[in-house]
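Engineer: My questions are about this predicted structure, shown below with the sequence.
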Amino acid sequence: MPRRRDEMVPDAEFRSYYGQPVIKQPIWHEPHMPTYLYLGGLSGAAGAMAAAARLTGRDRLELAARMTAFAGASAGAAFLVAELGRPMRFLNMLRVFKLTSPMSVGSWTLAAHSGLTGVAAGSAMTGLLPLAGDAASVASGLSGVAMATYTAVLLADTAVPAWHEGMRELPFLFSGSALASAGAALMLTTPRAQAGPARAAAVTGAMAEVVAGSLMERRLGLVGEPYRQGRAGRLMRASRVLTLGGGLLATVAGRSRALTALSGLAITAGALCTRFGVLEAGRASAKDPRYTVVPQRARLDAGAPASVPGR
Amino acid sequence: MAERMGFFTDTTVCIGCKACEVACKEWNNVPDDGFVFRATSYDNTGALGASTWRHVAFIEQDARWLMSSDVCKHCTHAACLDVCPTGALFRTEFDTVVVQSDICNGCGYCVPACPYGVIDRREDDGRAWKCTLCYDRLRGGMEPACAKACPTKSIQFGPLDELRQRAEERVERLHAEGTTEARLYGANPDNGVGGTGAFFLLLDEPETYGLPPDPVVTTRDLPAMWRWAGGAALALAAGVAACFLGKRS
């Protein structure tokens, strides 16, 4: 047998075909995809805040939450359609309903959430059908929590190692970030007297986002490397500093409008950095065959190859 | 449903002529994928993609050249098909996986879902494309263009059961002749994608050929993903509720 030569890659700890990727990089574009992830989370958590504000009788907070939820869902949907290779065919998304496709589940969730937040916002603006508006506002709380979390499954349900292996923490990263985003937007748009829950949301969400992100990077080991290196690493670190800083600032901003504004902007920027960072980490994870080959090879060497039980 | 059809690519007899690449392009009217000198080997298509449905890999080792014609695996559990939100990807009566180009809206989800990096989007066209295992030819009772054009029978087409049996015999013979490194890739129905409709006889580790050594259909873990997301959704609802507790500020 011919002697093997590790001619493929400079670093000989794993083998590959001339260092080329094994899987394809996600082709989703910037700013469309990460901005959609941010807006979907913002809108979803704002929907949940609107429902809670409705049920506890905080009218001004609810109004701001309704409008934020509707604006986020509409703008997000526009980014999503623009992301398609064939935007004119966006309605094909509602051609079938497939539980095996998080994008199908997400399309239906977005359709429901956009509809509900549209009714709630429309009713609030025109004063028409107040009962329907209130009902839609409460219902958007349910569609909202789905909106804020399904996107994590959307990313995890791929062959991209940094996303797939992050399946546990990504939903908490995204829902925490969504809560922080909505809190940030609402504490800037609600009179101080009713903004207490918004500030609490900004702080709680920011902490959850930072904790989930740190836990994920720690647990993933080698596969988590892309979250720490290069452009993705810079974005994730920026996200952590902005989110942590914004969250802490929200607790001490008190009556200061300037500090509240600064806090809200920092949290928003942090949430955006999280989404851009996660997309970039996914690209880097797919591009380097190491992250695909090394864990799979380790599985084989341990005598525990993958299988698909029950299918 | 008709019998499950597939490819057995025996790389030991591949001569790297690329007749498969050319026949595929001719029959399926696949656009140009660039005239690139890669400066690494005689490979000038690089990888499978939206406009490269057969890809001949060249691996130059000390005393031998490995050549292998790669193709879509037409998995038993196909991630691209599972995650497609429009139903554009479907399973045919031959148990192959095909994109319906009149339905695909170019969402791009199948691209990172494939554990082999096969399917891709044509950016000027906006839709996802990959090998159809010549669905039109199969319906007409013909074999796929690449298999037809292969001059050494490295690419064999037929009912999958027959191909698997033939491949086992081929490996046994190679082992008996002293080629002990011969192994099948993708033929095992208990692997992470439930076995592939297109499988290979290789002479080195799969990763040497740019193939994942132990691929998994990502949707295998989808129930767990939905559970984690459900937990996060509940936590979010609880978090929002907690923010509204206490007296009005």
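Structural biologist: It's in. Nothing here was measured: the structure is a model prediction, and the numbers come from that model.

Engineer: Any residue of stretch A:24-42 touching chain B?
Structural biologist: Yes: judged by Cβ under 8 Å from any Cβ of the partner chain, stretch A:24-42 and chain B are in contact via A:24-28. Every residue, glycine included, has its C-beta placed from N, CA and C.

Engineer: out of these, who's nearest B:D214?
Structural biologist: Set against B:D214, the nearest of these by Cβ to Cβ is A:K24 (18.3 Å).

Engineer: which residues touch the closest one?
Structural biologist: A:286, B:49, B:111-112, B:114, B:117, B:119-120 (Cβ atoms under 8 Å, 6 or more residues apart in numbering or on different chains).

Engineer: Narrow those residues to those in strands?
Structural biologist: Per DSSP state E, strands hold the following members of these: B:D120.

Engineer: thinking B:N28 is in contact with B:A145, fair?
Structural biologist: Yes: B:N28 lies in contact with B:A145 (Cβ atoms under 8 Å); the separation is 7.2 Å.

Engineer: Which SSE is immediately downstream of the longest helix seen in chain A?
Structural biologist: Using DSSP state H to define each element, chain A has its longest helix at helix A:257-287. Moving toward the C-terminus from helix A:257-287, the next helix or strand (DSSP states H and E) is helix A:289-301.

Engineer: and that next one with chain B, contact?
Structural biologist: Yes: on the criterion Cβ under 8 Å from any Cβ, helix A:289-301 is in touch with chain B at A:289, A:292-293, A:296-297, A:299-300.

Engineer: before we move on, what about stretch A:114-121?
Structural biologist: No: shown here: stretch A:114-121 not in contact with chain B (Cβ under 8 Å from any Cβ), separated by at least 15.5 Å.

Engineer: Now render the contacts of A:K24 as JSON lines, adding neighbour count, pLDDT and distance to A:G183.
Structural biologist: JSON lines is the format used below for the contacts of A:K24 (neighbours: other Cβ atoms under 10 Å in any protein chain shown; pLDDT from 0 to 100; distance: Cβ to Cβ, whole Å):
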{"residue": "A:A286", "neighbour count": "26", "pLDDT": "98", "distance to A:G183": "33"}
{"residue": "B:G49", "neighbour count": "22", "pLDDT": "97", "distance to A:G183": "43"}
{"residue": "B:V111", "neighbour count": "27", "pLDDT": "98", "distance to A:G183": "35"}
{"residue": "B:P112", "neighbour count": "29", "pLDDT": "98", "distance to A:G183": "31"}
{"residue": "B:C114", "neighbour count": "29", "pLDDT": "98", "distance to A:G183": "38"}
{"residue": "B:G117", "neighbour count": "26", "pLDDT": "98", "distance to A:G183": "40"}
{"residue": "B:I119", "neighbour count": "28", "pLDDT": "98", "distance to A:G183": "40"}
{"residue": "B:D120", "neighbour count": "22", "pLDDT": "98", "distance to A:G183": "40"}
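
Engineer: give me every residue that touches the closest residue to chain A within chain B.
Structural biologist: Proximity of chain B to chain A (Cβ to the nearest Cβ) peaks at B:G106, 1.9 Å away. Contact analysis of B:G106 by Cβ under 8 Å, 6+ apart lists A:84-86, A:89, B:121, B:126-128.

Engineer: Return the member of those residues nearest to A:T251.
Structural biologist: A:L84 (41.3 Å).

Engineer: From what I see, the closest one and B:C104 are in contact.
Structural biologist: No: using Cβ under 8 Å, A:L84 is not in contact with B:C104; the gap is 9.8 Å.

Engineer: So these two - more neighbours on which side?
Structural biologist: Using other Cβ atoms under 10 Å in any protein chain shown, the more surrounded residue of A:L84 and B:C104 is B:C104, with 26 against 20.

Engineer: Ramachandran angles for that one?
Structural biologist: Dihedral angles of B:C104 (phi, psi; degrees, to the nearest 10) stand at phi -50, psi 130.

Engineer: Now for the closest residue to it other than its chain neighbours, how many residues are close by?
Structural biologist: Nearest residue to B:C104, sequence neighbours excluded (Cβ to Cβ, 6 or more residues apart in numbering or on different chains): B:A88, at 3.9 Å. Neighbour count for B:A88, taken as other Cβ under 10 Å: 25.

Engineer: Quick one: neighbours of residue 50, just the number.
Structural biologist: Using chain A here. 36.

Engineer: wrong chain, I was asking about chain B
Structural biologist: So B:A50, with other Cβ under 10 Å, has 23 neighbours.

Engineer: Would you map the strands across chain B?
Structural biologist: Counting by DSSP E, chain B has these strands, from start to end: B:5-10, B:54-60, B:65-71, B:89-91, B:97-99, B:120-121, B:128-129, B:155-159, B:183-185, B:198-202.

Engineer: Which helix or which strand is home to A:S239?
Structural biologist: With DSSP H and E as the test, A:S239 turns up in helix A:230-252.

Engineer: tell me the angle that helix makes with helix A:257-287.
Structural biologist: In terms of direction (axes from the mean of the first three to the mean of the last three Cα atoms, to 10 degrees), helix A:230-252 departs from helix A:257-287 by 150 degrees.

Engineer: is any part of helix A:230-252 close to chain B?
Structural biologist: No: counting by Cβ under 8 Å from any Cβ, chain B has no neighbours in helix A:230-252; the shortest distance is 11.8 Å.

Engineer: Determine how far that helix lies from the middle of the whole chain.
Structural biologist: 15 Å (Cα atoms, centre = their mean, to the nearest Å).

Engineer: neighbouring contacts of it?
Structural biologist: A:177, A:180, A:183-184, A:187, A:199, A:202-203, A:205-207, A:209-210, A:213-214, A:217, A:226-228, A:259-260, A:262-271, A:273-274, A:276-278, A:280-281, A:283-284.

Engineer: Selecting buried members of the residues you listed in ChimeraX, what would you type?
Structural biologist: Burial among these is assessed by 16 or more other Cβ atoms under 10 Å in any protein chain shown; the matching ChimeraX selection reads:
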select /A:177,180,183,184,187,199,202,203,205,206,207,209,210,213,217,226,227,260,262,263,264,266,267,268,269,270,271,273,274,276,277,278,280,281,283,284
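
Engineer: out of the contacts of helix A:230-252, which touch chain B?
Structural biologist: Okay, of these touching chain B (Cβ under 8 Å from any Cβ), that's A:183, A:205.

Engineer: what's the neighbour count on B:E162?
Structural biologist: 14.

Engineer: The residue nearest to B:C104 touches B:G108, doesn't it?
Structural biologist: No: using Cβ under 8 Å, B:A88 makes no contact with B:G108, being 11.8 Å away.

Engineer: Between these two, which contacts overlap?
Structural biologist: By Cβ under 8 Å, 6+ apart, the residues touching both B:A88 and B:G108 are B:A128.
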